[in-house]
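Here's my sequence, what's the structure:
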Amino acid sequence: MIGVTLGDPSGIGPEITAKSLPELIKRNIKLTLFGNRDNFVEMLNLLNINNDILDKLDFINIQSDEKIEYGKINKNSGSIAIKSIEKAVEYALNNKIDAIATAPINKEAIIMAGSKYIDHTSMLKELTKSKFTTTIFEVNDLRITFLSKHLSLYNAIKYVTKENVFNAIVLADKSLKLLGIKNGRIAVAALNPHGGENGLFGSEEINEIKPAIDSLKNKINVYGPIPADSVFYYASQGKYDIVLSLYHDQGHIAAKTYDFNNTVSMNIGLPFLRTSVDHGTAFDIAGRGITENKSMLEAMLKADKYGNQYRKNYINL
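Prediction:
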């Protein structure tokens, strides 16, 4: 059973979910949706999708006293988004659903609605009291995890230390095990051009990255540092099970250039798997019926693919 939060109802979440339903129901995937029902029915009508489709799933309605307008940042929509997530987590922790796929929320809107958290990841970590969370991108056969994400490039480079790389490799190995991949092959991307050319173009590979890798080779199947201009290609061809990207754009550019619409984000470390699109609320085109839903469909399919196995492995990890 997959739970789906519809995200900010003023954005494209309801649309990309609605467009994905026929394929999911055709595959007999069991769904529970969390969001405002009136807003969602309005979207079904806009897309000429028969409302009878709702009879084939469960819908947990988050009430709204206000008319929801598309394309506008507002407190009411932020509140609906927060309550949808909270209710979905409640269902997951009570084993009513096995995994959660999330449509995008708007950071400004949830802050207006009183959220203490700026994004899904921090909210989910606190709601579940999880000890750690990390992010994996999966796009076709390519998986990417990140040493750091939302840091300036200057600070991201300073974050490349032996200790941080060591911990990130351990997390990558643990993440693969949660997804059911034992003895996964982990490739660590280099930071500098050509892997630093033995210190000619930078010393991080020699002083920080390689020592971390070498200290784990007897325990974990880890390789590198491998120049960033080739490692993602090799992983996409099956040589590695995951790439450790050393900063935000290094991994994001690789994934989105490879296949922008198929890139799915997965939160690892929660008691359940959370998958997500890797794009925002797109207020500029919300409510017009023209949004591409491929990433949302893939997020739900990944939740279905890994959800049960993830929960079993989480208990045993």
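
what packs against the lengthiest helix in the chain?
For the chain, the longest helix by residue count, based on DSSP state H, is helix 294-316. Contacting helix 294-316 under the criterion 3 or more Cβ pairs under 8 Å, 6 or more residues apart in numbering; DSSP states H and E are the following elements: strand 2-5, helix 13-26, strand 99-102, helix 162-178, strand 264-268, strand 273-277. To be clear about C-beta, it is placed using only N, CA and C from the backbone, and glycine gets the same treatment.

partner strands of the first one, parallel or antiparallel?
When pairing is defined by DSSP bridges, strand 2-5 lines up against strand 31-35 (parallel), strand 99-102 (parallel).

any idea of the mean pLDDT for it?
Mean per-residue pLDDT for strand 2-5: 98.

those helices in this structure, which residues are they?
Secondary structure of the chain (DSSP H): helices located at 13-26, 37-46, 75-93, 107-112, 120-128, 153-158, 162-178, 204, 210-214, 228-236, 248-259, 294-316.

Dump these into a markdown table; add distance to Asp141 as well.
Listed next are these as a markdown table, based on distance: least, Cβ to Cβ, whole Å:
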| stretch | distance to Asp141 |
| --- | --- |
| helix 13-26 | 21 |
| helix 37-46 | 33 |
| helix 75-93 | 28 |
| helix 107-112 | 31 |
| helix 120-128 | 25 |
| helix 153-158 | 26 |
| helix 162-178 | 14 |
| helix 204 | 28 |
| helix 210-214 | 23 |
| helix 228-236 | 6 |
| helix 248-259 | 10 |
| helix 294-316 | 13 |
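
Which one, of these, ends up nearest to Thr145?
Of all the helices of the chain, the one in closest proximity to Thr145, counting by Cβ to Cβ, is helix 162-178 (5.0 Å).

how much does the closest one deviate in direction from helix 294-316?
When axes from the mean of the first three to the mean of the last three Cα atoms, to 10 degrees is applied, the directions of helix 162-178 and helix 294-316 differ by 90 degrees.

Counting by contacts, list what helix 162-178 packs against.
With contacts defined as 3+ Cβ pairs under 8 Å, 6+ apart, the secondary structure elements packing on helix 162-178 are strand 134-139, strand 142-146, strand 186-189, helix 210-214, strand 242-245, strand 264-268, helix 294-316.

Please identify the most buried of those.
Mean neighbours per residue, mean count of other Cβ atoms under 10 Å, is largest over these for strand 242-245, with a mean of 28.

got a list of what the residue lying closest to Phe40 once chain neighbours are set aside touches?
Once flanking residues are discounted, Phe40 sits nearest to Pro14: 5.1 Å by Cβ to Cβ, 6 or more residues apart in numbering. The contact partners of Pro14, by Cβ atoms under 8 Å, 6 or more residues apart in numbering, come to 6-7, 35, 39-40, 43, 103.

Any chance of TSV for these, columns distance to Glu205 and neighbour count?
Compiled in TSV, the contacts of Pro14 are given as follows (distance: Cβ to Cβ, whole Å; neighbours: other Cβ atoms under 10 Å):
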residue	distance to Glu205	neighbour count
Leu6	44	30
Gly7	40	30
Gly35	47	28
Asn39	51	22
Phe40	50	22
Met43	50	24
Ala103	39	29
